[in-house]
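Undergrad: Give me coordinates for this.
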Amino acid sequence: MNIYVLLKRTFDTEEKISVQDGKINDDGVEFIINPYDEYAVEEAIRVKEAHGGEVTVITVGSEESEKQLRTALAMGADKAVLINTEEDLDSGDEYTTAKIIAEYLKDKEIDIIFAGNVAIDGGSGQVGPRVAELLGIPCITTITKLEIDGKNVSVIRDVEGDEERIEASLPVLVTAQQGLNEPRYASLPGIMKAKKKPLEELELDDLDLDEDDVAAKTETVEIFLPPEKKAGKILQGELADQVKELVSLLRNEAKVI
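TA: The predicted model follows:
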């Protein structure tokens with residue numbers, strides 16, 4: 001099987017985000033594989049182990065993303081592709097990323113593409129579905145279980161507290177939700193093997209794309225941290241008195257009624 005995984009480099013979830021001069025300050029910040037993409041990598045490796053084939057991980061970004069690609073290779077992926085846009089693009093959005101990835105994949109033989117449900121930094125959940133649309137293949141999001149039987153795919157997807165079963169045929173793109181699996185840690189032998197696995201680096205010119213072809217469709221107007229939450233207030237006294245005080249506070253302080 002020809003298995004592809006879309007991967008993004010994101011802030012470590014333990015990092016404290018700071019904004020400086022209207023931009024996110026990433027000096028000294030640790031970066032990791034987007035956690036939802038880890039589920040995608042793990043599931044891709046499991047599919048390869050069950051059905052054979054090859055797993056290729058793809059990312060769009062700068063040379064710093066090589067570390068995350070090598071981590072995916074150490075987990076068990078076979079190949080990695082870095083589409084380096086550092087010198088070609090000053091900015092981009094989900095359309096930009098999807099357009100570049102789809103251009104790379106358009107002539108490839110594809111059985112299944114895995115992506116994370118969302119990225120923890122932007123949280124849009126758009127790249128996977130956009131890639132599927134550009135490639136003209138089915139897309140199923142937020143999956144928590146996957147079964148493949150020949151050319152048929154059966155998945156269970158999370159629908160806000162309930163489940164939905166969907167069937168499709170290959171090729172297909174699916175996005176991984178928490179609960180799909182438990183990603184493995186890269187073993188020491190895996191880390192050593194990853195150093196010798198192929199990592200291809202491309203630029204926009206290699207895909208016959210220029211900056212105008214992938215220009216962002218959205219513009220970031222402002223970046224700011226949410227206001228600090230005020231301390232809560234505990235109401236005292238009998239229940240009837242608490243209700244009266246609550247109504248008074250909602251009317252006079254919060255001004256919501």
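
Undergrad: and Arg46, what pLDDT?
TA: For Arg46, the pLDDT comes out at 97.

Undergrad: Do you have the strands of the protein handy? List them.
TA: 2-6, 9-11, 19-20, 23-24, 31-33, 54-61, 79-84, 112-116, 139-149, 152-158, 163-169, 172-176, 199-202 (DSSP state E).

Undergrad: With Val256 as the reference, name the closest of these.
TA: Closest of these to Val256 is strand 19-20, at 28.4 Å (criterion: Cβ to Cβ). Glycine gets a C-beta too; all of them are placed from N, C-alpha and C.

Undergrad: now what about the closest one, what contacts it?
TA: 25, 223-225 (Cβ atoms under 8 Å, 6 or more residues apart in numbering).

Undergrad: Pipe these into CSV and attach neighbour count and distance to Asp121 per row.
TA: Output for the contacts of strand 19-20, formatted as CSV (neighbours: other Cβ atoms under 10 Å; distance: Cβ to Cβ, whole Å):
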residue, neighbour count, distance to Asp121
Asn25, 11, 14
Ile223, 12, 11
Phe224, 7, 15
Leu225, 9, 14
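
Undergrad: May I have the phi/psi pair for the residue lying closest to Glu86 once chain neighbours are set aside?
TA: Nearest residue to Glu86, sequence neighbours excluded (Cβ to Cβ, 6 or more residues apart in numbering): Ser62, at 4.1 Å. Reported as degrees, to the nearest 10, the phi and psi values for Ser62 are phi -110, psi 180.

Undergrad: Tell me the confidence at Ser62?
TA: 90.

Undergrad: contacting residues for it?
TA: Ser62 touches 84-86, counting by Cβ under 8 Å, 6+ apart.

Undergrad: Buried among these? Make that a PyMOL selection.
TA: Those of the contacts of Ser62 that count as buried under 16 or more other Cβ atoms under 10 Å are selected in PyMOL with:
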select buried, resi 84+85
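
Undergrad: Make JSON lines out of the contacts of Ser62 and add distance to Thr56.
TA: JSON lines is the format used below for the contacts of Ser62 (distance: Cβ to Cβ, whole Å):
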{"residue": "Asn84", "distance to Thr56": "16"}
{"residue": "Thr85", "distance to Thr56": "19"}
{"residue": "Glu86", "distance to Thr56": "21"}
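
Undergrad: circling back to that earlier point, would TSV of the strands of the chain with distance to Lys99 be doable?
TA: Shown next, in TSV, are those (distance: least, Cβ to Cβ, whole Å):
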stretch	distance to Lys99
strand 2-6	13
strand 9-11	19
strand 19-20	28
strand 23-24	24
strand 31-33	22
strand 54-61	10
strand 79-84	11
strand 112-116	15
strand 139-149	16
strand 152-158	25
strand 163-169	24
strand 172-176	15
strand 199-202	14
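
Undergrad: tell me what the longest helix along the chain is packed against?
TA: With secondary structure taken from DSSP state H, the chain has its longest helix at helix 35-51. Secondary-structure packing of helix 35-51 (3 or more Cβ pairs under 8 Å, 6 or more residues apart in numbering; DSSP states H and E): strand 2-6, strand 54-61, helix 66-75, strand 112-116, strand 139-149, strand 172-176.

Undergrad: neighbouring contacts of that helix?
TA: Residues outside helix 35-51 that contact it (Cβ under 8 Å, 6+ apart): 1, 3-8, 10, 13, 33, 53-55, 57, 72, 75-78, 112, 114-120, 146, 148, 175-178, 180-184.

Undergrad: try stretch 63-82
TA: 5, 7, 9, 31-33, 41-42, 44-45, 48, 54-59, 61, 84, 86, 104, 183-187, 190-191, 193-195, 197-202.

Undergrad: farthest pair in the contacts of strand 19-20?
TA: Pairwise distances across the contacts of strand 19-20 (Cβ to Cβ) peak at 12.8 Å, for the pair Asn25 and Phe224.

Undergrad: quick one, which of the helices and strands packed on helix 35-51 is nearest to Glu219?
TA: Glu219 lies closest, by Cβ to Cβ, to one member of the helices and strands packed on helix 35-51: strand 54-61, at 18.9 Å.
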